[in-house]
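> the amino acid sequence is not available; the structure is as follows:
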């Protein structure tokens, strides 16, 4: 029945339902840290506000995400979903032509990355380190 709904139920819908029903239940364990549904919901709301305020993101915008596996990846994904943005996941192991192809195929107008990811060289020839985010 869930798949037949119109509009279809999304992972964001399911997450928000769980966050309302059981905010203190653990959702994510990373190394020695434990995050509840409430923690992740609050962090994703904060990330969505920052992305919208500083980057003026609007629904339908495609954002390439070049982040390592960490809790930040989860709330970035949820923040983009809350803003109605399309997220193009880019493998942080990709380099050179493979990375260029992934970014071009995504059609993203923005690249979100961590300070440590320097594998992409933009048209300006720079290191591709956007300091967290910036237009491609």
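Perfect, I can see it now. All of these numbers come straight from a predicted model, not from anything done at the bench. Residues are numbered from 1 along each chain as shown.

> any stretches of the protein with poor pLDDT?
Within the chain, the stretches with pLDDT under 70 are 1-3, 116-136.

> by residue count, which helix of the protein is the longest?
Longest helix of the chain, by residue count under DSSP state H: helix 37-55.

> and the next element down the chain from that one?
As assigned by DSSP states H and E, the chain's next helix or strand after helix 37-55 is strand 62-66.

> tell me which residues of that next one are tucked away?
By neighbour count on 16 or more other C-beta atoms under 10 Å, the buried set for strand 62-66 is 63, 64, 65, 66. Glycine gets a C-beta too; all of them are placed from N, C-alpha and C.

> hang on, the earlier thing: between the longest helix of the chain and strand 62-66, how many degrees?
120 degrees (axes from the mean of the first three to the mean of the last three C-alpha atoms, to 10 degrees).

> for helix 37-55, packing partners?
Counting contacts by 3 or more C-beta pairs under 8 Å, 6 or more residues apart in numbering; DSSP states H and E, helix 37-55 is packed against helix 11-21, strand 26-30, helix 71-83, strand 133-135.
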